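Asks: Sequence below, structure please.
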Amino acid sequence: MSNPPLQFWHLGVGALSMLVIGVCFWVTRLGLVRSMAVSAIRMCAQLLLLGLVLELLFEGRVWWWTVLFLLVMIVVATRESTQRLRRRLQGIANLVVPFVSLLAAALPYTALLVLVVFRPQPWHEPSILLPVFGMILGNVMNTVSLALNQFFQNLQSGRHIIEQRLALGHEIAEITRGFRVDAARTAMLPILNAMAVTGIVSLPGMMTGQILAGESPEQAVRYQILIWFGIASGAGAACLIALHMSLRAVTDSRGRPTRIFERPE
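Replies: Okay, the predicted model is just below:
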């Protein structure tokens, strides 16, 4: 069964529910109305623009266009992963840490899937490479953001304890182990929760899209399992890399976490 083409007024039907929630937030003075509106407008504009760009990429199938688009995705994800953090690293480290974490976590598994499982011809087929990379990168970005936010918060709140233990001769890595464990658990919790209820409570986007496109449910499930493995392993790797790099970037020569600055409200 083919799905009917969507018109713009169909999108308005979907947006109506978000409008109702926005009005409820405004009436109850819970805030977030402006953030919800800006996010919705950005999402619509970005996706509509993406549709036009992907049309050109799919038709042209030029490898360096695809690679350039991947780089743009990484750069934007790097910025967004720290954009809303209350506390940040000072200087260029604020961008280097998430950039390296995202790139090292999302790229290897994407390459593994594309080159070993999908094996498109040519290898840079954008209709395969970009969706797979985007699904993994988006989830990894959220993990990095949560990990850094929790870790920096723990460092700030435990600053006096850190200084006391440093004075007693303890190493900063030993002192902050509990902080990093807490940050890793906080960051990985959404991924683990989503994996635990996939197939019972939620039907993931990729699997749903394939079923709606006419793919057999069995094949759609197998593809979704592959993607979930990539999301979970990428998120775990990104969490480890980000916490390790941020610990080194945040401490001075005496091991004190002095290279965090707090954004004003």
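
Asks: low-scoring pLDDT stretches of the stretch 51-200 of the chain, where are they?
Replies: By pLDDT under 70, the stretch 51-200 of the chain has no low-scoring segment.

Asks: could you redo the last one with a cut-off of 90?
Replies: Applying pLDDT under 90 to the stretch 51-200 of the chain flags residues 51-67, 69, 80-95, 109-132, 135, 155-176, 194-200.

Asks: hey, where'd the helices end up in it?
Replies: With DSSP state H, counting those that start in this stretch as the criterion, the stretch 51-200 of the chain has helices at 63-83, 93-112, 126-157, 159-167, 172-175, 177-197.

Asks: Same list (these) but as JSON lines, adding distance to V23 and mean neighbour count.
Replies: Quick note: C-beta positions are derived from backbone N, CA and C, even for glycine. Listed next are these as JSON lines, based on distance: least, CB to CB, whole Å; neighbours: other CB atoms under 10 Å:
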{"stretch": "helix 63-83", "distance to V23": "27", "mean neighbour count": "16"}
{"stretch": "helix 93-112", "distance to V23": "35", "mean neighbour count": "21"}
{"stretch": "helix 126-157", "distance to V23": "27", "mean neighbour count": "22"}
{"stretch": "helix 159-167", "distance to V23": "42", "mean neighbour count": "13"}
{"stretch": "helix 172-175", "distance to V23": "48", "mean neighbour count": "15"}
{"stretch": "helix 177-197", "distance to V23": "28", "mean neighbour count": "16"}
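
Asks: Distance to G234 for these - can I get that in TSV?
Replies: Listed next are the helices of the stretch 51-200 of the chain as TSV, based on distance: least, CB to CB, whole Å:
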stretch	distance to G234
helix 63-83	12
helix 93-112	4
helix 126-157	5
helix 159-167	30
helix 172-175	24
helix 177-197	9
